[in-house]
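Engineer: have a look at this fold, sequence not included:
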Ligand SMILES: Nc1ncnc2c1ncn2[C@@H]1O[C@H](COP(=O)(O)OP(=O)(O)OP(=O)(O)O)[C@@H](O)[C@H]1O
Ligand SMILES: [Mg+2]
């Protein structure tokens with residue numbers, strides 16, 4: 001359902017600042033796949049997700065979603081089919097608007113919008129119902145400004161907003177990295193519940209190897225803009241952090257013990 005074919009992305013081509021962030025990525029994602037993505041800083045993980053979202057256009061290669069070639073589609077045109085949650089809780093929502101106004105915008109994502117910020121009574125019911133699944137009491141705070149919420153509450157709200165319209169693909173870029181461990185775990189639990197309930201095709205970037213192993217049905221590792229590991233099914237179920245490190249350093253021809261901090 002999501003096909004990436006020989007994708008490359010070079011920033012600042014033919015200059016001293018040239019960076020080959022993606023170097024020939026091929027990935028076929030089945031409907032309902034939940035793929036965790038790991039790799040060291042600068043490996044190209046965010047660039048990969050951004051290129052799927054259309055934040056920028058690939059230097060070469062193609063991307064298709066549900067059989068449609070979206071390679072040259074701008075970000076706003078792809079938004080209809082995509083849900084996104086970023087690392088920074090400030091990015092997913094609008095601070096000065098209320099919870100219900102933010103949710104109303106999310107509901108209209110990718111569609112023609114009216115100018116008003118009015119929220120229909122029918123939609124309020126839907127928002128309450130969605131928020132109550134979080135167990136955070138946000139369903140009673142529909143008219144509170146989002147700026148009043150904690151980072152974890154905002155991330156939970158963003159998660160609901162990103163998934164409310166059942167997107168074809170859900171993109172999560174280290175979406176719990178800025179949260180304390182307990183809140184982060186709560187957001188991960190919500191992620192797991194929503195993704196499985198709605199059978200969402202999901203790509204989740206994380207620096208936490210245990211999360212990458214324990215969540216989802218497939219794991220890929222990026223290194224210098226290429227996929228160097230792709231593990232799924234039973235092989236993934238039995239995977240241990242040690243195995244991942246072993247395979248990563250074997251790929252690089254290095255001693256396993258040389259640099260364990262890489263993924264910390
Ligand atoms: N807009 C940009 N302009 C120039 N270079 C960029 C741009 N975005 C990313 N890069 C470069 O592309 C490479 C890949 O960056 P990317 O952000 O995709 O890495 P990442 O795997 O997400 O890393 P991290 O784990 O630190 O988030 C890096 O060398 C980065 O400096
Ligand atoms: Mg990144």
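Structural biologist: Alright, I've got the coordinates. If you're wondering where the values come from, they're calculated on a predicted model, not measured in any experiment. Ligands and ions are numbered 1, 2, ... in the order given.
Engineer: which stretches of the protein have low pLDDT?
Structural biologist: Where the chain drops to pLDDT under 70, the residues are 110-117, 254-264.
Engineer: show me where it has helices.
Structural biologist: Counting by DSSP state H, the chain has these helices, from start to end: 45-53, 75-78, 99-107, 121-132, 151-163, 181-197, 209-214, 233-237, 241-252.
Engineer: now render the ones you listed as TSV, adding distance to residue 61.
Structural biologist: C-beta: built from backbone N, CA, C; applies to glycine. Listed next are the helices of the chain as TSV, based on distance: least, C-beta to C-beta, whole Å:
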stretch	distance to residue 61
helix 45-53	9
helix 75-78	16
helix 99-107	30
helix 121-132	36
helix 151-163	25
helix 181-197	27
helix 209-214	25
helix 233-237	26
helix 241-252	22
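Engineer: okay, those helices in TSV with mean neighbour count and distance to residue 221 next?
Structural biologist: Formatted as TSV, the helices of the chain follow (neighbours: other C-beta atoms under 10 Å; distance: least, C-beta to C-beta, whole Å):
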stretch	mean neighbour count	distance to residue 221
helix 45-53	22	10
helix 75-78	14	25
helix 99-107	21	32
helix 121-132	14	34
helix 151-163	23	24
helix 181-197	16	20
helix 209-214	18	9
helix 233-237	11	12
helix 241-252	15	6
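Engineer: nearest to residue 59, out of the ones you listed?
Structural biologist: helix 45-53 (9.4 Å; C-beta to C-beta).
Engineer: how about that closest one, does it get close to ligand 2?
Structural biologist: Yes - Helix 45-53 is in contact with ligand 2 by C-beta under 5 Å from the ion, via 45-46.
Engineer: so does that helix get close to ligand 1?
Structural biologist: Yes - Helix 45-53 is in contact with ligand 1 by C-beta under 6 Å from any ligand atom, via 45-47.
Engineer: I'd like to know which elements that helix is packed against.
Structural biologist: If contacts are counted by 3 or more C-beta pairs under 8 Å, 6 or more residues apart in numbering; DSSP states H and E, helix 45-53 sits against strand 2-11, strand 19-29, strand 34-38, strand 82-85, strand 169-173, strand 201-205.
Engineer: and these as TSV, adding distance to ligand 1 and mean neighbour count?
Structural biologist: Listed next are the helices and strands packed on helix 45-53 as TSV, based on distance: least, C-beta to the nearest ligand atom, whole Å; neighbours: other C-beta atoms under 10 Å:
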stretch	distance to ligand 1	mean neighbour count
strand 2-11	3	18
strand 19-29	3	18
strand 34-38	9	24
strand 82-85	14	24
strand 169-173	7	24
strand 201-205	7	24
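Engineer: looking at the helices of the chain, which is closest to residue 69?
Structural biologist: helix 75-78 (11.6 Å).
Engineer: in JSON lines: the helices and strands packed on helix 45-53, plus distance to residue 103.
Structural biologist: Shown next, in JSON lines, are the helices and strands packed on helix 45-53 (distance: least, C-beta to C-beta, whole Å):
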{"stretch": "strand 2-11", "distance to residue 103": "26"}
{"stretch": "strand 19-29", "distance to residue 103": "28"}
{"stretch": "strand 34-38", "distance to residue 103": "24"}
{"stretch": "strand 82-85", "distance to residue 103": "13"}
{"stretch": "strand 169-173", "distance to residue 103": "17"}
{"stretch": "strand 201-205", "distance to residue 103": "21"}
